[in-house]
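Q: starting from these lines, generate the structure:
(chains A and B)
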Amino acid sequence: MIPDISVGEFLDSIIKNEDLKLILLGNLGYFHDDPYTLSLAYYTIAQGSYFSNGASYIKGGSQQLSNHLAGFIKRHGGEVLLNHIVTEKN
Amino acid sequence: MKSIWFAHYERKPVAIYLMFPDINQILKHLNGKMDLISMIKFVWLKHQKTMTRAKGFLMGVIPRFHNHGIESAFILNVRKAVENKPHYTEVEFSWVAGFNPKMRNIFISVGSVPVKNYITYSRYSVTVSHDPRKAIETLTGLFPDEKPGITSYFDHILNPK
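A: A predicted model of the protein is given here:
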């Protein structure tokens, strides 16, 4: 079980050198901006994927991901609404 | 004004000094344009001796010839060149790095006055491979005292329990 602590707390517990901490957090900007409020579990999944499989990108740009999600919703009978505030969920 | 000086020893170049008039003093009046009117304005401003500053961009002396007075000879030449063009009121050696005290001292010793200080920040430039083994090797090489922490970090990231 990944401990329920932040990335910052985790690094503080195993590493003393502040420069090394910054190097290890080189990818932090992709996930968050504050290591002390970023869950170690979330960081572990994202960073672990990077170390295991390398970096990837979506062919055609990130809009393709939104298009795919919208298409999936529509194919299953859902409706995609833009510029709406969510006030309730079922 | 002469812009480039070379110093030779036994017919081989051993040092170079490069200086240009500060053309920005004219360009700032052209509002970023270089059409016909701007070109005419450029020539007119040049004749009006709008450029009053020269910029020393580069001084390089082969290490074996350091401390032989070549740098001072260049600067004396600069002084002579400027004296022949009295509308030049200033020579700026702005490309002397703050972390190069030797060059700073040479310029100060001939009467230059530091008026602008640009601070250079530098930090590690480390490429950490996404191959964990290479990453661990790179990081432990840089931070040998932190080897247990680095190992623990990668163990945790790659094998979350």
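Q: CA only for contacts and neighbour counts going forward, please
A: Noted.
Q: so the residue of chain A positioned farthest from its centre: helix, strand or coil?
A: Computed with Cα atoms, centre = their mean, the residue of chain A farthest from its C-alpha average is A:Gly77, at 28.3 Å. When the structure is reduced to helix, strand and coil (DSSP: H, G, I helix; E, B strand; the rest coil), A:Gly77 reads as coil.
Q: look up how far A:Gly71 lies from it.
A: Taking Cα to Cα, to the nearest Å as the criterion, A:Gly77 is separated from A:Gly71 by 10 Å.
Q: ok, B:Glu137 next?
A: Computed as Cα to Cα, the B:Glu137 to A:Gly71 distance reads 45 Å.
Q: show me where chain A has its helices.
A: Across chain A, reading from the start of the chain, the helices by DSSP state H fall at A:7-14, A:18-24, A:28-31, A:40-53, A:63-75.
Q: and of the ones you listed, who's closest to B:Leu158?
A: Nearest to B:Leu158 among the helices of chain A is helix A:40-53; the distance by Cα to Cα comes to 5.3 Å.
Q: next, the residue nearest to B:Phe93 when sequence neighbours are not counted: secondary structure please.
A: Nearest in space to B:Phe93, with sequence neighbours left out and distances taken as Cα to Cα, 6 or more residues apart in numbering or on different chains, is B:Gly56 at 4.8 Å. The three-state label given to B:Gly56 by three-state DSSP is strand.
Q: can you get me a residue count around B:Gly56?
A: Using other Cα atoms under 10 Å in any protein chain shown, B:Gly56 has 22 other residues around it.
Q: mind listing the strands for chain B?
A: Under the criterion DSSP state E, chain B carries strands at the ranges B:4-9, B:12-21, B:53-61, B:90-92.
Q: and of the ones you listed, who's closest to A:Tyr30?
A: Shortest separation from A:Tyr30 across these is recorded for strand B:53-61, at 39.4 Å, computed as Cα to Cα.
Q: got the angle between that closest one and strand B:12-21?
A: Per axes from the mean of the first three to the mean of the last three Cα atoms, to 10 degrees, the angle that strand B:53-61 makes with strand B:12-21 is 160 degrees.
Q: summarise which helices and strands strand B:53-61 is packed against.
A: Contacting strand B:53-61 under the criterion 3 or more Cα pairs under 8 Å, 6 or more residues apart in numbering or on different chains; DSSP states H and E are the following elements: strand B:12-21, helix B:70-83, strand B:90-92.
Q: for chain A, which of these is the nearest?
A: Evaluated over the helices and strands packed on strand B:53-61, closeness to chain A peaks at strand B:90-92, with 36.5 Å, by Cα to the nearest Cα.
Q: so for that closest one, mean pLDDT?
A: Along strand B:90-92, the predicted local confidence has a mean pLDDT of 88.
Q: just the buried residues of it, please?
A: Under the neighbour-count criterion of 16 or more other Cα atoms under 10 Å in any protein chain shown, strand B:90-92 has B:Val91, B:Glu92 buried.
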